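> Generate coordinates for the sequence data below:
(chains A, B and C)
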Amino acid sequence: MTIVPNTLIGQGLERTEDLRFLTGTGTFVDDYEPAGTLHAAVLRSSVAHGRIIELNKDAALKIPGVHAVLAASDIGTDIPTIPLRLAPLSGFEKYLQPVIAHGKVRYVGEPVAIVLADSRALAEDALEVLDLTIQPLEAVPDWTAAERDAAILFEQNGTNVATRYKANIGDVDAQFRAADYTRKEKFRTHRHTALPMETRGVVAEWDAAAGHLKVSGATKVNFFNRRALAKMLDLPESAIDLLELDVGGGFGVRGEFYPEDFLIPFAARKVGRPVKWIEDRREHLLAINHSREIDCELEIACRRDGTMMALRGKIHGDMGAYIRTNGGVVPAKAAQFLHGPYRLPAIEVEVAAYMTTKTPVGTYRAPGRFEANFFRERLMDMAARDLGVDPVTFRRKNLITEAELPYSIGQLVPYETETQYDSGDYVGAFERCLAEFGYEEKEALAGKHMEGRYHGVAAVPFVESGGAGPRENARMTLGPDGMVTIGMGSSALGQGLETVFAQIAGDALSLPFERFRILHGSTTLVEEGFGTYHSRAVVMGGSAILETAKKLRQAIREAAAIQFGCGAETVTVADGRATASDGRSLSFGAVAAEADSVIMVEATFSNAKRTYSYGAHAAHVAVDDRTGHVEVLDYLAVEDVGRAINPAIVHGQALGALVQGLGGVFLDHLIYDEDAQLLNASLADYLVPTATDFPNVRGVTLELRPSPSNPLGAKGAGEGGIVAVAATIANAIANALSSLGVEPKVLPLTPPVLWRLIQEARQG
Amino acid sequence: MKPPPFDYVRAGSVEEAIVLLAERGDEAKIIAGGQSLMPMLAFRMAAPKLLVDIGPIATLRRISVDDRGVTLGALVRWCDIERHAELSHAHPLLVEAIKHVAHYQIRNRGTVGGSLAHADPAAEFPGIAVACEAEIEIAGSNGPRTIMANEFFLDSLTTALAPDELIVSVRLPPWKLGRRWAFVEFARRRGDFALAGVALFYDLDQGRAVEPHIAAIAVGATPVRLALVEQTLAGKAVDLTTIREAVAAATASIDPPGDIHAPGDYRRALLGVLLERALAQAAGLKLAESA
Amino acid sequence: MATRTTRFTVNGKQVQVDVEPRTSLADALRRNLKLTGTHIGCEHGACGTCTIIVDGAAIRSCLMLAAQADGTQITTVEGLPRGRGEALGPLAASFRKHHALQCGFCTAGILTTAHALLSEEPDADADRIREVLSGNLCRCTGYVSIIDAVLDARPAYQTQKAAE
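The predicted structure follows:
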């Protein structure tokens, strides 16, 4: 594969999009309001499980300025369900979410009706007087309750266990029998979510005369969503456009098809006026995809010297009340990534997905990896300690070496084929991390109690997949002013794609950075797009740009040839000009201006093979054993991304992911009670990191081994910064408290939780 | 999260405010900085029909430092306390405690009166008021009255204010020279409500503690004076032994409720740790917090 | 719905809004005055996204009623100092240089807060900057680049203060 040379690529250029964000001239969905807009509010169930008896709209409709209240009966007898987009585990199709509750409600926050009014305030006034009668049923607050099948969410399915499967490589039983040492533990990662700073929003406009629907505020997977919406509204896809504006972060949770993505367009078409819905923060916490709630029973088998022989893992995935568009990604990846970057003769995973009466679960940055790495690395440290092997030595001993790559980890995921780690120097990255971190020096403090605090360190290698296929598209249009407009199927949610794509295009076409206008995500831009998820935008979108650039060069050559009156093969295209063999030359702009038709090309980059970034994290913590408070004294994330198109952007993503991960260890927590009521639906009680919490974080981006599977050589980046945070911090805390024998197995590690572990260790 | 509908009126004087409150009774609520009230309105946890904005009443903004002590008008904001040149000498405990209140933007709007009236069990200023035996001056249609801080706070988010009353000012008694003091709290993140906190001071007479005042926040429905702890220390030197006794007295005399952020037993233990650290700080002792 | 008239100055311009009393200043700025640069992140004063400057002080515009803004001088992100022509002002330029933003949603609230801080305390150190910005949530950057950007903008404010 020819790797495109670096001129713009590799530069930490200042971002184009910053100009509007820094001057307050961006356009996020709430900034857009067509004339005549009605405002929507959603009536949500306040009961976790129940039968809908009646909705009385009378009082609500009497409020001046309230135009309509729409419930299931207004949609019809056939309520659409939201389809699976990914990861279809067997049985999941029976647990999909209807676009509005009908008959039953299954989680607190489930949409039951929408109100349309002149203002959001009036719509909320209407919500207060909508009289919803629900006959409560028994809540199913967690997977153990779900498994009992006493209260069943979907009576027609007869069980709350949506799917179960087993997968393995090698002979796990034989390895366990032959092992010198085994240990089994139970771990748990807790329910939390991504919390982008912008809540969701949808503005839908129906042009009855044209029979055309315009939906703004879309992102992530607009073409899939359009397809789904078209089917639900019984419209051809061409009658719908999903427009992507500026987006205030996604991290996986924004952009999947939610009930509101149907309800708002449906309402707009029904009432014949534009409808706008902006999610407020309280409903965001209730309604956005939750994630990470996994229980794991994990068993390890080793030789006496610390060589790993096998892992046996049981994953219990709490899926919430409905299977969302991301299907089984969370539990399936929590199982698959138990393997990690290690040499393992055998691994067996058993996965079960349970329906509970809580907000449905979707993917959040590094889904399943954050969890799996925590489970496996904790157990590895416990094993290392039991065997008297230093934890770093334990990693070194078991890490896959470069000579062993590509390394197959078989088919551990039912809906995927065999997985192979592609290229990398896992050991080199780990050593680099240890050196950069000053591990040896810091290790001298391990377990010491100084000035009221125990010090601990840990280092954890990781592997992470990215660049999901199958394809991505780009469209390039050359304007008479010499500007190249690029329409991308990729979505921008804050990752600086307008800048990164211009860098790639600039090098592909040998044009300056300023010549590009990058448009992203909207369905108006390309024939088909696949969106942004699984760290795929640069890998897939960027590579699509390379393909499209080749076509554009050819199109320019051909257009110029017509104008020169010569053969296209005699025209050279370089430095923004088309030149004939006799020396006549036209600028790109001039070629476009003189051409018979618009110079516009579209191309596809196809690739089924994932990319594998890898690296290591290291942490130094100080634990106040009397308050349970942990200070992160130093945290380093090292990742080989193959190729960093804009190193400053990659670095920023790594640090942001890292801090989000620290939130996921210490702060973020969606707290439910036994009635499956969410207790902390506000930012006063759902805590995320602030500027003072984790100031000592740093990252190093490596470009050691380009990916062999795309012409950019890029591995996906954006999630590597978070994947190993729980593992590394928990191991560092265990290391700090090793004299007490405290072994964290459950997240989050809040002060009261650590305090109790310490108390129990001291008393026990 | 839009508030329910209400009318709004600006009061130009305390008298005007009282008249408006008396007219509407329970239906009217005072708004000043709004930092506690506005979130409650956003969550529709309160639904007043009338908001009486006392912001224009300039007489309520004064800070006086004199031989009566420190008198803060109800509209004095946290940033005003921060900026006041004399207060770090005139009342160091107040100034230290205020450093922990919320965040920069909230400190530019939040008021002393608002904090007292809101009566969050974990708030710093009510804790200072109780610790210092502050006097709260109230005005209402039945005339002015003064109430001691410990009688003002009745329960979580509940005070002795009648519907037609508003806080005019709060007076902290004069601060004695040579006084030992400390303010220590523990919160999940900087600026969050404390999971527990201690405000204390004592005077010295030949190395012995005189009239210790020790209050705790976030360990009960209101800020509490730790009377048992004060008795334990009164007349004694504050040293590692008496500190240990004080901590035992403290943990024995409180029964903190648990919530989603911290269970009761953790808060109890935490309060003990904070008290220990606060006393050591006040006494100028170094704790050997060994394992 | 009875509305109330409020008059104030925003970014140097005198304006008037007629809104229901329950309308927040954030909503009045965004909806009535179309100054959509100020964003709304939570509506309960917990995230700092909506921060603007009122009479020189950084405040959360979701916690202030439009009615309370009567007679005030307000600066929003759109009114922060610019460079020559339409160039970014020194604070914004520093943010761009340090990649102190990603999705941009929290940025306006951080710029106004930092501007208010540096206008008063141009020598603020990293700890002070972090303390002040602890009231502004950002989910994308992890804050490191933001602190660097504010530190790096100080010379412009120091020069300004020296000139005053």
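> Closest to the centroid, which residue in chain C?
residue C:112 (2.5 Å; CA atoms, centre = their mean).
> dump the residue contacts of the closest residue to that residue other than its chain neighbours.
Nearest residue to residue C:112, sequence neighbours excluded (CB to CB, 6 or more residues apart in numbering or on different chains): residue C:51, at 4.9 Å. C-beta: built from backbone N, CA, C; applies to glycine. Residue C:51 makes contacts with B:105, C:38, C:58-61, C:108-110, C:112-113, C:136, as judged by CB atoms under 8 Å, 6 or more residues apart in numbering or on different chains.
> what's across from residue C:51 in the sheet?
residue C:60 (DSSP bridges).
> what do you get for residue B:146?
residue B:137.
> how about low-confidence regions in the chain?
Looking at chain A here, since you left the chain open. By pLDDT under 70, the low-scoring segments of chain A are A:1-5.
> my question was about chain C
In chain C, residues with pLDDT under 70: C:1.
> At which residues are the strands of the stretch 151-291 of chain B located?
B:153-155, B:158-159, B:165-172, B:180-187, B:194-205, B:208-217, B:224-225 (DSSP state E, counting those that start in this stretch).
> just so I know, which of these lies nearest chain C?
Of all the strands of the stretch 151-291 of chain B, strand B:180-187 sits nearest to chain C, with 11.2 Å by CB to the nearest CB.
> That closest one - contacts with which helices or strands?
In terms of contacts (3 or more CB pairs under 8 Å, 6 or more residues apart in numbering or on different chains; DSSP states H and E), strand B:180-187 is packed against helix B:92-98, helix B:124-131, strand B:194-205, helix B:264-283.
> Can you check what angle separates it from helix B:264-283?
Counting by axes from the mean of the first three to the mean of the last three CA atoms, to 10 degrees, strand B:180-187 lies at 150 degrees to helix B:264-283.
> what's next to strand B:180-187, contact-wise?
Contacts of strand B:180-187 (CB under 8 Å, 6+ apart): A:627, A:629, A:751, B:92-93, B:96-97, B:100, B:124, B:128, B:193-204, B:209, B:217-218, B:238, B:270, B:273-275, B:277-279, B:281-284.
> touching chain B at all, stretch A:200-208?
No. Judged by CB under 8 Å from any CB of the partner chain, stretch A:200-208 stays clear of chain B, getting no closer than 14.3 Å.
> Determine if any part of that stretch is in contact with chain C.
No. Figure legend: stretch A:200-208 not in contact with chain C (CB under 8 Å from any CB); closest approach 10.6 Å.
> Just give the nearest non-adjacent residue to the residue in chain C that chain B sits nearest to, would you?
Residue nearest to chain B within chain C (CB to the nearest CB): residue C:135, separated by 2.8 Å. Excluding the flanking residues, the one nearest residue C:135 by CB to CB, 6+ apart is residue B:103, at 2.8 Å.
> how does chain C divide up, domain by domain?
C:4-79, C:90-163 (automatic domain parsing).
> Which one of the ones you listed lies nearest to residue A:715?
Residue A:715 sits nearest to domain C:90-163 of all the domains of chain C, at 19.7 Å, using CB to CB.
> How far does the closest one stretch from one end to the other?
Taking CA to CA, to the nearest Å, domain C:90-163 runs 16 Å from one end to the other.
> circling back: possible to save the helices and strands packed on strand B:180-187 as TSV with distance to chain C, mean neighbour count and mean pLDDT?
Formatted as TSV, those follow (distance: least, CB to the nearest CB, whole Å; neighbours: other CB atoms under 10 Å in any protein chain shown; pLDDT from 0 to 100):
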stretch	distance to chain C	mean neighbour count	mean pLDDT
helix B:92-98	13	21	97
helix B:124-131	16	27	98
strand B:194-205	15	24	98
helix B:264-283	20	23	98
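> Just give me the neighbour total for residue 223.
Since you didn't name a chain, this refers to chain A. 22 (other CB atoms under 10 Å in any protein chain shown).
> My question was about chain B, not that one.
28.
> for the domains of chain C, which one sits closest to residue A:724?
domain C:90-163 (15.4 Å).
> now residue 132, nearest residue through space, not along the chain?
Defaulting to chain A. residue A:55 (5.2 Å).
> not quite, I wanted chain C
residue B:104 (4.5 Å).
> can you tell me how far the one you found sits from chain A?
11 Å (CB to the nearest CB, to the nearest Å).
> can you pull the contacts of that residue?
Residue B:104 neighbours (CB under 8 Å, 6+ apart): C:58, C:113, C:117, C:131-135.
> mind redoing it with 7 Å?
Contacts for residue B:104 (CB atoms under 7 Å, 6 or more residues apart in numbering or on different chains) come out as C:58, C:113, C:132, C:135.
> Then residue B:47?
Taking CB under 7 Å, 6+ apart, one finds residue B:4 in contact with residue B:47.
> where's it, which helix or strand?
Residue B:47 is part of no helix or strand, with elements assigned from DSSP states H and E.
> Make JSON lines out of the helices and strands packed on strand B:180-187 and add distance to chain A.
Shown next, in JSON lines, are these (distance: least, CB to the nearest CB, whole Å):
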{"stretch": "helix B:92-98", "distance to chain A": "17"}
{"stretch": "helix B:124-131", "distance to chain A": "16"}
{"stretch": "strand B:194-205", "distance to chain A": "7"}
{"stretch": "helix B:264-283", "distance to chain A": "4"}
